[in-house]
Every structure is written in C-alpha cells, then in structure tokens.
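In: Return atomic coordinates for the entry below.
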Amino acid sequence: MKKILLALLFFSQLIPAQTTIDLDSVFNAYINYRNGALPEINHPKGQNGKQKCGLPSVAPLVLHFRQLSTEQQTIFSTLAERPVRDTSIVSPKGKFRLHFNLSGYEKPAYPPDSLAAALDSVWEYEVNFLGYPQPPSDGDAGGDALYDVYIVASQFWYGETVPESRIEQGADRFTSYMKIDNDFAGFYTTGLPAAKVTAAHEFHHAIQMGNYILRYTDSFFHELTSTSMEEFVFPEINDYIGYIDEYFDEPWRSFSKYSGYNLATWNFMLSERFGIDIIKKQWNLMPTERALKAIANTIRQEGSEPEIELNTFGVWNYFTNYRAQPGKYFRDAGLFPEIKSSVRAGLVGNNASASVAAHPVSNNQITIWNNQQGFNDTLVTIITDFSLAEWEDSPDKNLNYGYTLYNYNESGSTQIAGSYYDKITGQANQQWKAAIILNNQPVERGGGNDQFSEQPYPAPFVYGKTSEDVIYFPFKFLKDNEADLQIYSAGGDLVYGGSHPPFGMLRDRIKWRVKDNFGEKLATGVYVYIIKSGGTLVTGKIIVVN
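Out: Have a look, this model is predicted:
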C-alpha cells in the first residue's frame, strides 16, 4: 500500500463556503487523512475517496496557522515540509525543476522528461498565451529559483499545490511548490495523460495563490478555474468528464456548494460566449471581491446579466447525452450525463403545478409532460436565481416559489407557445430568468406564436432512446390539413409513404413512427424526407441510428 505523504484531500462538506470554520475539526480531519482514515464517500464512476486536488483542505490551516495550538503548528509544519528526492531534472525551457526517485514505490510510472516537457507547455499556454502572471519565485528553495514539482506516491489525489511562504503581511498570497502523483492508479485518467492535466490544474493554483488570493471560502472557484485549465491546455484528454456527475445529478444546489471540479463546463460556456479572457478578469477582481460577485461583475462588463448567463448554462446542460446537437453548445456534450430535473409532473386537466425551494444562485429544471389524448408534449422550464444578497446571507437558504403550466390563457400568466401559458409566483422575482424548451426546441418565454423551428426531432434519431420510437416533423403551414410524408433512402428508394393528421397542441407538426411500409425498423443511415400539404412542400434529411 502506498505511503500517504500529505493527504490534503478536498471534500466539499469539510469546509462549507461562508461558514465559521472549526479549526480543530479541520486539523483532526487533516491528520486522519494523513493517516489514511478516510470517510466513506461515493464518487462518480465508483472511485470512492478519489479527488482531484488537495489544496482546499490545507488552505484554512495555512491561512489560520497562528490560531492553531503550538502542538498543531509543529505537526502541520512537519507534514507540509517538501519531500526529499534522489534525482531532479530541469524542464527543456528552464521553467521547472522536477524532483523524483529513480527506484522504489514512488518511482514514476511515466517518463519524467515527458512530464517536464508538458509542464513547459502549461507555462507557455497559461502565462505566455493567456497572459497570467507567473508564480512568484521561492528563492533557492528546492535548489534554485525554478518552480519545483515533486513526484510522490499519493493514494487519493492527483496532485496538490502547497502554499509555503506568505509574500507580504496582510495579503493572502503565497509562494508554493507542486506535488503530482506517480501513477494515478484507480483514477478516471491514469499515466502520463493524468500527469499532464494535473500539471495544468495545479500550476494555475500556483498562479492564483501567488498573484491574486488564496481564499478557502471560494475554494469552488479555485477548483473550477484549475479544472477548466486542464481542458484549455490539453483538450484531447477530457479528464474533467469523470467529475461532472455531481453537478448533473443535483443542479439545483447553490453554485458555491459544489467542489468546483464538476463546474469546469461553466468556464467553457463563458469562454465561448465572451472569450477566455473573462476568466482572468474575474481573477483580477478576486483580491477584493468574492468569487460570485466577481463573476457577476465581469458578465455585466460584457453587456449581459449573471442570471441570463446562468440560465443559458442550464440550457446548454440540457442538450447533453442523447440530446446533444453537433456543432452547438458543449463540444463534448455527447459524453456528458443527462441533467436531472428538480420536479417532474404531468398535465392534469388544464394545468400542472410545482412548488420549488431554490437555493440562491442556482438553476432548477422543471419537466412537465402533456400526454392527454392527441398530445405528446414535453415542456422543460429552467428557472434561474442569481440573488447575490440572499447568497451572501446563506447559500443554503430556500427561496420558495410556485410554478404553474396552463393549457389556456390564465389571468396573470405568460404565453409560451400556442395555447401553453405559465406563471411564476413567490420569492423568485428579483434576479431571476426562465428558459423554456418545448419538445427539445428552445422557445422564448412570452414570444407568442411567431416562434417556429423547422428541424425534425430528435436529431439524430436513435432507436430505444425515447419512450416512443417516433420522429416529429414541424410543418408551419399545416393548420388543419393532413400532410403526405415520404421517406427515401440515400440511394433514392422509397421506404415509407403515408398521410398524417396535424399533431399536438399547436397543430404544427406530424408524428411518424420510424418504420418502413412493412412495419420494420430502418437501417442506420441518412434518409431524405418530403412533406406535402396543400400547395406547400418541405424537404430535408434525417439521420437514423439502429
């Protein structure tokens, strides 16, 4: 079994943001981790106890070192000492000194010179390309002024950046050194690829604590940023995907209540919408502002509002897994899990109602279906709250509101599309935004009847992915007329032909069970459809996966 040199694990429940810290409890937990006594936790992908980074659990002990007892200070200082290694090499561009053992249980399972080259690539991207300031020098610690990286045998973390010396009195900025695991056995990513993304992750921690601030109450933002850097520097590795389940399983929690490993996608969306420099602008504000306020202010500088962007994030998260749309939203969306809904309900009679207890700065997804006779509609409402004042008071408090969907124009309601209307009541009335997705098509709440998408859905169609193997073909000019549908193979053979009545509340689509004229499933491939109704004809292509 590997020796645990310094088990600085991060568990989000260990140090909740914005709570009074119990240093004795934190210190005792730290010692337990050091001795391998880990609590039972369930990690995505079944990796019990595995976490990406050790920084957040050690940060409060560094920041409040003088409040520890003399005995605790002595123990902590001993555990935080730099490892001793028998060999070191300088990276090709002379930016890092990499320390490791040539033999024994801590010998690297990947080529150290390959990691050294990867570290130079990280510096090139994060400092030279993105323009972040380099980490401050540690003087001659580690043998010279180069940034020191130690390969160690860890059991529960990819790596950590250890704060070492406070740079100036009254400023929570520190010199640091880095530790990286020697093999990453049992993690989502292993070997050299894991070492590379760890280098990108931990090096940005060195930038954060050395030039901006080390703040344990914003540890989610430290981890969010560093995890996103992994993908920005090494987009081919995708280690972050192993950690996003936590958010997709419980998207209704306050943003700061997550570990941050699972929120790298937030930075992916912001960089797509505003450019990657918005992340650095947020760090420029961090020394004087809490993370969520820095996020809100930089978004406003870009001409948007934070509730709009968090709501957009909810929409992007909806179009993942089998709903992923190539060329839109997240690049790797097809590899993501399916987002969970806070509330699921069916339309009964003329309405469906839901009561929601929302955390400040969170998304809540409400799914309502209408399977009444003649209809097969699914309406997803994503309601976003970005109430900073409420969050500063307590990220755990509940903001209660009610949501009701109607199939008629109820007094005080807002039109969604066709005969669908909704109403939001209660506390969600300050910094909030609602997005609507009707049958996998985003629509503008209050947009009325002018909204229309001509794309068949689901796209692509995959047998067995939905409760019914059907494709819906929107047809703007249907009205009450039937439509003739013809489906041709890529070779020009007619595989289906038939007449279909208008379908759904809006009477603006037809529903086709994906079978040929003999009642058999279609083979995987591209098919051409032709729809005729009255004097109007529409053609296009669909993709079928069998």
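In: can you list the domains in the protein?
Out: In terms of domains, the chain is parsed into 23-304, 338-450, 461-545 (source: automatic domain parsing).
In: out of those domains, which comes closest to residue 316?
Out: domain 23-304 (5.6 Å; CB to CB). Using the backbone N, CA and C atoms, a C-beta is placed for each residue, glycine as well.
In: From the opening residue of the closest one to its closing one, how far?
Out: 40 Å (CA to CA, to the nearest Å).
In: So for it, mean pLDDT?
Out: Mean pLDDT, domain 23-304: 89.
In: ranges for the helices of the stretch 101-250 of the chain?
Out: Ranges of helices in the stretch 101-250 of the chain, per DSSP state H, counting those that start in this stretch, are 112-123, 191-211, 219-233, 245-249.
In: could I get the ones you listed as TSV with mean neighbour count?
Out: Output for the helices of the stretch 101-250 of the chain, formatted as TSV (neighbours: other CB atoms under 10 Å):
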stretch	mean neighbour count
helix 112-123	20
helix 191-211	25
helix 219-233	25
helix 245-249	18
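In: As CSV, these with distance to residue 543 would be great.
Out: Formatted as CSV, the helices of the stretch 101-250 of the chain follow (distance: least, CB to CB, whole Å):
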stretch, distance to residue 543
helix 112-123, 37
helix 191-211, 32
helix 219-233, 28
helix 245-249, 25
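In: which stretch among those comes nearest residue 345?
Out: The closest of the helices of the stretch 101-250 of the chain to residue 345 is helix 245-249. By CB to CB, the value is 19.7 Å.
In: same for the closest one, what does it pack against?
Out: Of the remaining helices and strands, none touches helix 245-249 by 3 or more CB pairs under 8 Å, 6 or more residues apart in numbering; DSSP states H and E.
In: Residue 238: how many residues sit nearby?
Out: A count of nearby residues for residue 238, using other CB atoms under 10 Å, gives 17.
In: dump the residue contacts of it.
Out: 231, 332, 335 (CB atoms under 8 Å, 6 or more residues apart in numbering).
In: what sits against the last one?
Out: For residue 335, the residues meeting the contact criterion (CB under 8 Å, 6+ apart) are 238, 241.
In: So which bits of stretch 87-100 are buried?
Out: Residues 88, 91, 95, 96, 97, 98, 99, 100 are the ones in stretch 87-100 that count as buried (16 or more other CB atoms under 10 Å).
In: Closest one of these to residue 72?
Out: residue 99 (27.6 Å).
In: Please report how far that closest one lies from residue 245.
Out: 34 Å (CB to CB, to the nearest Å).
In: Kindly report the same for residue 310.
Out: 20 Å.
In: closest to residue 327 out of the domains of the chain?
Out: domain 23-304 (12.1 Å).
In: if we can go back for a sec, export the buried residues of stretch 87-100 to a markdown table and tack on distance to residue 408 and secondary structure?
Out: Below are the buried residues of stretch 87-100 laid out as a markdown table (distance: CB to CB, whole Å; DSSP: H, G, I helix; E, B strand; the rest coil):
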| residue | distance to residue 408 | secondary structure |
| --- | --- | --- |
| 88 | 74 | strand |
| 91 | 68 | coil |
| 95 | 66 | coil |
| 96 | 67 | strand |
| 97 | 71 | strand |
| 98 | 69 | strand |
| 99 | 71 | strand |
| 100 | 70 | strand |
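In: Could you list the low-pLDDT ranges of the stretch 401-546 of the chain?
Out: 427-430, 446-454, 466-467, 476-480, 504-507 (pLDDT under 70).
In: Please, where are all the helices along it?
Out: Under DSSP H, counting those that start in this stretch, the stretch 401-546 of the chain gives no helices.
In: Tell me where the stretch 201-350 of the chain has strands.
Out: For the stretch 201-350 of the chain, the strands defined by DSSP state E, counting those that start in this stretch occupy 343-346.
In: Also the stretch 1-150 of the chain?
Out: Using DSSP E, counting those that start in this stretch, strands in the stretch 1-150 of the chain cover 51-53, 87-90, 96-100, 147-152.
In: Out of those, which gets nearest to residue 433?
Out: Going by CB to CB, the one of those nearest residue 433 is strand 51-53, 30.9 Å.
In: what are the phi and psi values for the closest residue to residue 344 other than its chain neighbours?
Out: Excluding its sequence neighbours, the residue lying closest to residue 344 (CB to CB, 6 or more residues apart in numbering) is residue 367, at 4.7 Å. With angles defined as degrees, to the nearest 10, residue 367 sits at phi -110, psi 120.
In: Just give the number of residues close to residue 367.
Out: Neighbours around residue 367, by other CB under 10 Å: 19.
In: for residue 144, same thing?
Out: Other residues lying near residue 144 total 13 when counted by other CB under 10 Å.
In: which residues does it contact?
Out: residue 97.
In: Could you measure from it over to residue 135?
Out: Distance of residue 144 to residue 135, given as CB to CB: 14 Å.
In: Number of residues surrounding residue 58?
Out: A count of neighbours around residue 58, defined by other CB under 10 Å, yields 26.
In: right, and it touches residue 160 too?
Out: Yes: if you go by CB atoms under 8 Å, residue 58 and residue 160 touch, sitting 7.3 Å apart.
In: Spit out the contact partners of residue 325.
Out: Taking CB under 8 Å, 6+ apart as the test, what residue 325 contacts is 319, 333, 459.
In: just residue 237 next, same as before
Out: Contacts of residue 237 by CB under 8 Å, 6+ apart are 189, 193, 196, 197, 230, 231.
In: Just give the nearest non-adjacent residue to the last one, would you?
Out: Computed as CB to CB, 6+ apart, the closest residue to residue 231 that is not its neighbour in sequence is residue 240, at 5.7 Å.
In: can you pull the contacts of the one you found?
Out: 227, 228, 230, 231, 261, 264, 265.
In: make it 7 Å
Out: 227, 230, 231, 264 (CB atoms under 7 Å, 6 or more residues apart in numbering).
In: Now render these as TSV, adding distance to residue 474.
Out: Converted to TSV, these look like this (distance: CB to CB, whole Å):
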residue	distance to residue 474
227	39
230	40
231	35
264	35
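In: do you know how far residue 149 is from residue 165?
Out: 17 Å.
In: Between these two, which has more neighbouring residues?
Out: Under the neighbour definition other CB under 10 Å, residue 149 and residue 165 were set side by side, and residue 149 has more, 29 against 12.
In: Just confirm that one contacts residue 100, I think it does.
Out: No: contact criterion CB atoms under 7 Å: residue 149 and residue 100 do not qualify, at 8.9 Å.
In: hey, what's in contact with both of those two?
Out: Contacts common to residue 149 and residue 100, judged by CB under 7 Å, 6+ apart, are absent.
In: How confident was the prediction at the residue lying closest to residue 403 once chain neighbours are set aside?
Out: In this structure, residue 403 finds its nearest non-sequential neighbour in residue 354, 4.8 Å apart by CB to CB, 6+ apart. Among the per-residue scores, residue 354 shows a pLDDT of 90.
In: What residues sit buried inside the helix or strand encompassing residue 354?
Out: For residue 354, the element it lies in under DSSP states H and E is strand 351-358. Buried residues in strand 351-358, counted by 16+ other CB under 10 Å: 351, 352, 354, 356, 358.
In: packing partners for it?
Out: strand 343-346, strand 362-370, strand 399-406 (3 or more CB pairs under 7 Å, 6 or more residues apart in numbering; DSSP states H and E).
In: what pairs with the first one, and is each one parallel or antiparallel?
Out: Put plainly, it is strand 343-346. strand 362-370 (parallel) (DSSP bridges).
In: who touches the partner strand?
Out: With contact meaning CB under 7 Å, 6+ apart, strand 362-370 is reached by 251-255, 310, 314, 339, 341-347, 352, 354, 356, 358, 377-385, 403, 405.
In: circling back: out of the strands of the stretch 1-150 of the chain, nearest to residue 533?
Out: Among those, if distance is taken as CB to CB, the winner is strand 51-53, at 54.9 Å.
In: Touching, residue 431 and residue 384? I think so.
Out: No: judged on CB under 7 Å, residue 431 makes no contact with residue 384 at a distance of 8.6 Å.
In: Thanks again, I'm all set now.
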